[in-house]
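Asks: the following block contains a protein sequence and its predicted model.
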Amino acid sequence: MIPTLACDLAVNGFTPNIQNTTLTLFSHFIAIFFDSIVLTIVSFLIATYFFLRHREKKGIFLLMVMFFSGAIIFLLKNLFGRARPINSFVVESGYAFPSGHSTIIVVFLGLLVYLFAARKNVLKMSLVAGLLALFVGFTRLYLGVHYLSDVLAGFIVGGIILFVSIRIYGKFLKK
């Protein structure tokens, strides 16, 4: 069982102080748009693009990494079994640790940068992807469905999956 840390309680105690209708609606939109299922569908569309452009390895790589990421998230959530915060004003089912949204956004955006960015634009695209990932993490805290440690763990797990996947692709598939 993952203990609730002082920083978890502090962040979850602070977020109700900044809640407003606009930010709440926007956070709900982000939660839906960057959900694992939605990103999986988008990944299938991107893989289709790769197949049509005769870049089958990239399409298969993208789908395999997204599937593997979902499986890892599922396994970790069930392994740790951490309950979601009680003060959530959004109803979400399932366990909290690690944050699936935080994990999958790092993997998905990282893969997009890796597969699409021209060498000269990698830094700019990585910065935009990183900021977007941080914003998604913030919305998970703002909505009260995760603790800070859930989101940070999601970023770390996503970074590890991304790093290992890119290494494997570069070593065995990128030819």
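Replies: Here it is on my side, so go on. Remember, it's a predicted structure, so these values are computed and weren't measured experimentally.

Asks: which residues in the chain form helices?
Replies: Ranges of helices in the chain, per DSSP state H, are 6-14, 21-33, 36-52, 56-80, 100-116, 122-142, 148-168.

Asks: so which of these gets nearest Glu92?
Replies: Minimum separation from Glu92 across the helices of the chain (C-beta to C-beta) falls at helix 21-33, 8.5 Å. (Glycine included, C-beta is placed from N, CA and C.)

Asks: mind giving me the packing neighbours of the closest one?
Replies: helix 122-142 (3 or more C-beta pairs under 8 Å, 6 or more residues apart in numbering; DSSP states H and E).

Asks: re the thing from before, check the helices of the chain for me: which has the lowest mean pLDDT.
Replies: Mean pLDDT is lowest for helix 6-14 among these, at a mean of 70.

Asks: residues of it that come out buried?
Replies: For helix 6-14, the neighbour count (16 or more other C-beta atoms under 10 Å) marks Asp8, Val11, Asn12 as buried.

Asks: look up how far Phe29 lies from the second one.
Replies: Going back to what we said before, that points to Val11. Computed with C-beta to C-beta, to the nearest Å, the distance linking Val11 and Phe29 is 22 Å.

Asks: cool, the first one as well?
Replies: Taking C-beta to C-beta as the measure, Asp8 and Phe29 are separated by 25 Å.

Asks: relative to Val136, how far out is His54?
Replies: Using C-beta to C-beta, His54 is found at 33 Å from Val136.

Asks: of those two, who's got more company?
Replies: More crowded of His54 and Val136, by other C-beta atoms under 10 Å: Val136, with 24 against 9.

Asks: hmm, that one is touching Phe33, no?
Replies: No - between Val136 and Phe33 there is no contact under C-beta atoms under 8 Å: 9.2 Å.

Asks: figure out which of the helices of the chain is closest to Gly94.
Replies: With distances scored as C-beta to C-beta, the stretch of the helices of the chain nearest to Gly94 is helix 56-80 (6.3 Å).

Asks: I figured Ile161 was touching Met66, is that so?
Replies: No - Ile161 is beyond contact range of Met66, at 9.8 Å (criterion: C-beta under 8 Å).

Asks: any idea how far the closest residue to Asn12 other than its chain neighbours is from Phe34?
Replies: Once flanking residues are discounted, Asn12 sits nearest to Pro85: 5.3 Å by C-beta to C-beta, 6 or more residues apart in numbering. As judged by C-beta to C-beta, Pro85 and Phe34 stand 19 Å apart.

Asks: kindly report the same for Arg84.
Replies: Computed as C-beta to C-beta, the Arg84 to Phe34 distance reads 18 Å.

Asks: same deal with Tyr169?
Replies: Noted for Tyr169: a distance of 23 Å to Phe34, by C-beta to C-beta.
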